[in-house]
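Participant: let's see this in three dimensions:
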Amino acid sequence: MEPRIESILSDSKTVAVVGISDKPGRPSHVVAKYLQERGYRVIPVNPLLTEVLGEKAYKSLAEIPGRVDLVDVFRKSEYVLPIAEEAVRIRARFFWMQEGVENDRAREILDAAGIPCVMDRCVKMELAKRGK
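Facilitator: Sure, this is the predicted structure:
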């Protein structure tokens, strides 16, 4: 496992899951539940929901009170740029684009802001590789 992924996973405690679904079979829901079960604080971000997995859902990253360590994105690649810009504004520590999600412009913005970024990888699978 690359060192960047190792440090992101070990240094994150609060994870904002952008694009989370309240449907148990959806990948975003499965991954968020997996994170919760492993001690991460999951903050749902979806303007269409009020609560997911027992946690209050927020319409945007900017509405979340307190610090966000990791922004985990379950949105199509073409929708990632404004999420990355918002992550910079809230001073998130890390940014993660789930499997199948890639946006080079977003990565450039995050790199310029000093926010480590992972693209096209699954948080759940990376944690599983670590035996978690």
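Participant: correct me, but Y40 touches V15?
Facilitator: Yes: with contact defined as CB atoms under 8 Å, Y40 reaches V15; the gap is 5.1 Å. All C-beta spots, glycine's among them, are computed from the backbone N, C-alpha and C.
Participant: where along this protein do the helices fall?
Facilitator: Taking DSSP state H to define them, one finds helices in the chain at 3-11, 27-37, 80-89, 104-112, 123-129.
Participant: will you turn those helices into CSV that also has distance to A62?
Facilitator: Listed next are the helices of the chain as CSV, based on distance: least, CB to CB, whole Å:
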stretch, distance to A62
helix 3-11, 22
helix 27-37, 20
helix 80-89, 6
helix 104-112, 16
helix 123-129, 22
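Participant: which of those helices sits closest to S60?
Facilitator: With CB to CB, the closest approach to S60 among the helices of the chain belongs to helix 80-89: 6.5 Å.
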